[in-house]
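Student: Sequence first, then the predicted structure:
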Amino acid sequence: MAIAAVAASAALVYAAATIYGLGPSSLASSRASAAPVKTESAAARLRVTLDPNLFAGEARRAYEVAARHPALLAQLHCYCGCERDGMMHNLLDCYRTSHGSQCPICMGEALEAARLARQGVPIEQIRDKLRARWGDGE
């Protein structure tokens, strides 16, 4: 009976982690970059961001980047320190709440990442450039 209860509890934890996107890579150290998203179907399974139409100006543009390019932002670390609350694990997480609309670092990172990606800069170099510009904020 106790084994069945433990198994049921483990299944519930696994289901919750899957639903809320808390897989092994996101439970790892938040300072580590997220594992690359390798397929479009994997990108399609990323959780939804807030509607960009809820925001104006630079915040709206950053939320548009997050909505259009979740796989890019999911591979990037946010340097504002928001991961300290335990709820955010990568830059995309900042756009699943209103946090991204109030943080100049989050907005700057998203907009710069999109610009660099449009120029064909590889993800490793995008990470390096973001770290060099905002890495001191942690």
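Tutor: Right, received. Where do you want to start?
Student: what helix or strand is A110 on?
Tutor: Using DSSP states H and E, A110 sits in helix 104-118.
Student: What residues of that helix count as buried?
Tutor: In terms of neighbour count (16 or more other C-beta atoms under 10 Å), helix 104-118 has its buried residues at I105, C106, M107, G108, E109, A110, E112, A113, A114, L116, A117. Glycine gets a C-beta too; all of them are placed from N, C-alpha and C.
Student: what's the angle between the next helix or strand after that helix and helix 104-118?
Tutor: Heading C-terminal from helix 104-118, the first helix or strand you meet, by DSSP H and E, is helix 123-134. If you take axes from the mean of the first three to the mean of the last three C-alpha atoms, to 10 degrees, helix 123-134 sits at 150 degrees to helix 104-118.
Student: What are the buried residues along helix 123-134?
Tutor: I123, I126, R127, L130, R131, W134.
Student: the bottom helix or strand of the protein by mean pLDDT?
Tutor: helix 24-27 (a mean of 32; mean pLDDT, DSSP states H and E).
Student: before we move on, the earlier item: next, the residues that contact the helix holding A110 from outside, please.
Tutor: Contact with helix 104-118 is made by 58-59, 61-62, 65-66, 69, 72-73, 76, 78-80, 82, 91, 94-95, 99-101, 125-126, 129-130, 133-134, 137, as judged by C-beta atoms under 8 Å, 6 or more residues apart in numbering.
Student: thinking again about what came up before, mind giving me a markdown table with the buried residues of helix 123-134 and columns for pLDDT?
Tutor: Shown next, in a markdown table, are the buried residues of helix 123-134 (pLDDT from 0 to 100):
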| residue | pLDDT |
| --- | --- |
| I123 | 96 |
| I126 | 97 |
| R127 | 96 |
| L130 | 95 |
| R131 | 94 |
| W134 | 88 |
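Student: mind giving me TSV with these and columns for distance to T49?
Tutor: Shown next, in TSV, are the buried residues of helix 123-134 (distance: C-beta to C-beta, whole Å):
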residue	distance to T49
I123	19
I126	19
R127	20
L130	18
R131	23
W134	20
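Student: could you measure the residue nearest to E58 when sequence neighbours are not counted against Q119, distance?
Tutor: Using C-beta to C-beta, 6 or more residues apart in numbering and skipping the chain neighbours, the partner closest in space to E58 is M107 (5.2 Å). Per C-beta to C-beta, to the nearest Å, M107 is found 19 Å from Q119.
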